[in-house]
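Undergrad: got a predicted structure here, sequence first:
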Protein chains: 2
Amino acid sequence: MNGDRRVARGARSRTMITRHAVDVASVEGLSGLSFGRLAADVGLSKGGVATLFPTKEQLQVATAEMAGEVFREAVVQPASAAAPGAARLRALIDRWIAYAEAPLFPGGCFWAANLPDFDSRPGPVRDILAHQRRTWLALLAEQLSQAIAAGEIADCDPEFTAFQMDALLNAANIAMRLGEAGVADKVRRAFDGLPA
Amino acid sequence: MNGDRRVARGARSRTMITRHAVDVASVEGLSGLSFGRLAADVGLSKGGVATLFPTKEQLQVATAEMAGEVFREAVVQPASAAAPGAARLRALIDRWIAYAEAPLFPGGCFWAANLPDFDSRPGPVRDILAHQRRTWLALLAEQLSQAIAAGEIADCDPEFTAFQMDALLNAANIAMRLGEAGVADKVRRAFDGLPA
């Protein structure tokens, strides 16, 4: 096998491993990832997985990055078809509810499953999860700012309101997992409750 | 040693083990509890721990129960000195912020650390965590109802508002762990924002 083919095969294996690791980590947490189990699940040797990810931390960071990509494709990109401001905000929330309800990952929201685990443990895994969280909050705040500028909603502190909205989405994710009724409605109602 | 003394010693060991297990589980999660580590930490034999908790699930349930007791003592009981309604609600929120800020458990909120992990895994551990969550939400909703009845806040859906308040507290817990600034103020501001 020549070098180019080896690189391409390595990239495919990386994608396959991390995409499966996202599913595992949405249920078991990033701490629950094991080289042996991932290798068995995707049909590679444990050594093959370890060559691609020399440390568990590198595997965890790569898994978080993959989760971010899947989330962007499922939630952020489809919503970008809507006009900036209230319409895009509503689209983001609808896509987010679909993401948690479907659910895209077997354990529900990937960050809800992993941030509480890593928020007390400084290091690269916490750093990427925190960065992804900030990116999401900034996206919500930006749409809120646009909605205010366009007169679609009343003036409010976009960052504070984004914090509240994200809080509600996370609570909804847990409530859905626990089988509570009417959760998606609660979230939509909170959004509709933004003063216009 | 006679039977009574043995029972008393068993109860003390149980308390010592579960109280320590709560701290460990607030950081590592209930899944991260191990008989060997707990035994070493509290100076008992692994067999001694296993006699008191025949299965890991029993250890996890007992640990969640202990976390509930510690939470009640730190948050719920002190707040019950305040008059029912808005005053008690404010006291609950202040105590909750102190509980997450101090923090009472090294990893921050015990339920924020464990509900996302167990919400997708039916069984007795999920059951007790979900029951504790419902008890807390019901307490908030009850104080909201009293506050509405007393004319202290405008009419609202107490259960829905309790859901939102709890969502914000959980988000605040994570934001504090991530070192974000002004989190406690955000929570108090949201509470103050309840229409009077």
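TA: Nice, I can see it.
Undergrad: pretty sure A:Met165 is touching A:Gln143, no?
TA: No - the pair A:Met165 / A:Gln143 is not scored as a contact, 9.9 Å apart, by C-beta atoms under 8 Å. Placement of C-beta: from N, CA and C, glycine included.
Undergrad: which other helices and strands contact the helix or strand of chain A with the lowest mean pLDDT?
TA: In chain A, no helix or strand scores lower on mean pLDDT, DSSP states H and E than helix A:183-192, which sits at a mean of 82. When contacts are defined as 3 or more C-beta pairs under 8 Å, 6 or more residues apart in numbering or on different chains; DSSP states H and E, helix A:183-192 sits against helix A:86-101, helix A:158-177, helix B:158-177.
Undergrad: and for the helix or strand following the first one, what's in contact with it?
TA: Just to be clear, that refers to helix A:86-101. Where DSSP states H and E defines the elements, the next helix or strand beyond helix A:86-101 is helix A:110-118. Residues outside helix A:110-118 that contact it (C-beta atoms under 8 Å, 6 or more residues apart in numbering or on different chains): A:22, A:25-27, A:29-31, A:64, A:67, A:71, A:105, A:107, A:125-126, A:129-130, A:132-133, A:136, A:170, A:173-174, B:29, B:108-109, B:112-114, B:116-117, B:173-174, B:177-178.
Undergrad: hmm, 7 Å instead?
TA: Here helix A:110-118 makes contact (C-beta atoms under 7 Å, 6 or more residues apart in numbering or on different chains) with A:22, A:25-26, A:29-31, A:67, A:107, A:125-126, A:129, A:132-133, A:170, A:173-174, B:29, B:112-113, B:116-117, B:174.
Undergrad: in chain A, where is pLDDT below threshold?
TA: A:1-2, A:194-196 (pLDDT under 70).
Undergrad: let's see that with 90 instead.
TA: For chain A, residues meeting the criterion pLDDT under 90 lie at A:1-11, A:26-29, A:31-32, A:98-121, A:154, A:156, A:160, A:164, A:170-196.
Undergrad: which residues of it lie near chain B?
TA: If contact is defined as C-beta under 7 Å from any C-beta of the partner chain, the residues of chain A in contact with chain B are A:27, A:29, A:107-108, A:112-113, A:115-117, A:119-120, A:130, A:160, A:163-164, A:166-168, A:170-171, A:174, A:177-178, A:186, A:190.
Undergrad: how close does A:Ile153 get to chain B?
TA: Distance of A:Ile153 to chain B, given as C-beta to the nearest C-beta, to the nearest Å: 15 Å.
Undergrad: which SS class is that residue?
TA: Here A:Ile153 is recorded as coil under DSSP: H, G, I helix; E, B strand; the rest coil.
Undergrad: what do you get for A:Cys156?
TA: Classification of A:Cys156 by three-state DSSP places it in coil.
Undergrad: for it, give me its contacts.
TA: When the contact criterion is C-beta under 7 Å, 6+ apart, the partners of A:Cys156 are A:Ile148.
Undergrad: next one: phi and psi at it?
TA: Backbone torsions of A:Cys156, given as degrees, to the nearest 10, read phi -150, psi 170.
Undergrad: distance of it relative to A:Ala147?
TA: As defined by C-beta to C-beta, to the nearest Å, A:Cys156 lies at a distance of 9 Å from A:Ala147.
Undergrad: cool, and A:Ser120?
TA: According to C-beta to C-beta, A:Ser120 stands 35 Å off from A:Ala147.
Undergrad: okay, those two: which has more neighbours?
TA: Between A:Ser120 and A:Ala147, counted using other C-beta atoms under 10 Å in any protein chain shown, A:Ala147 has the larger neighbour count: 24 against 19.
Undergrad: on the three-state scheme, that one is what?
TA: Here A:Ala147 is recorded as helix under three-state DSSP.
Undergrad: ok, and for the helix or strand hosting A:Asp41, which residues are buried?
TA: Using DSSP H and E, A:Asp41 sits in helix A:35-42. For helix A:35-42, the neighbour count (16 or more other C-beta atoms under 10 Å in any protein chain shown) marks A:Phe35, A:Arg37, A:Leu38, A:Ala39 as buried.
Undergrad: how much space separates the first one from A:Ala150?
TA: With the distance defined as C-beta to C-beta, A:Phe35 ends up 50 Å from A:Ala150.
Undergrad: again, but for the third one
TA: Relative to A:Ala150, A:Leu38 is positioned 47 Å away (criterion: C-beta to C-beta).
Undergrad: with A:Phe160 instead?
TA: From A:Phe160 to A:Ala150 the distance is 19 Å (C-beta to C-beta).
Undergrad: which one's more surrounded, the two?
TA: The neighbour count for A:Phe160 versus A:Ala150, taken as other C-beta under 10 Å, is higher for A:Phe160 (17 against 13).
Undergrad: so what's the nearest residue to A:Ala149 once chain neighbours are set aside up against?
TA: Counting by C-beta to C-beta, 6 or more residues apart in numbering or on different chains, A:Ala149 lies nearest to A:Gly85, which is 7.5 Å off, once chain neighbours are set aside. Contact analysis of A:Gly85 by C-beta under 7 Å, 6+ apart lists A:Gln143, A:Gln146, A:Ala147, A:Ala150, A:Glu152.
Undergrad: closest to A:Gly47 among those residues?
TA: Each of the contacts of A:Gly85 was checked against A:Gly47 using C-beta to C-beta; the closest is A:Gln143, at 46.2 Å.
Undergrad: what about that closest one, how many neighbours?
TA: As a burial measure, A:Gln143 scores 27 neighbours (other C-beta under 10 Å).
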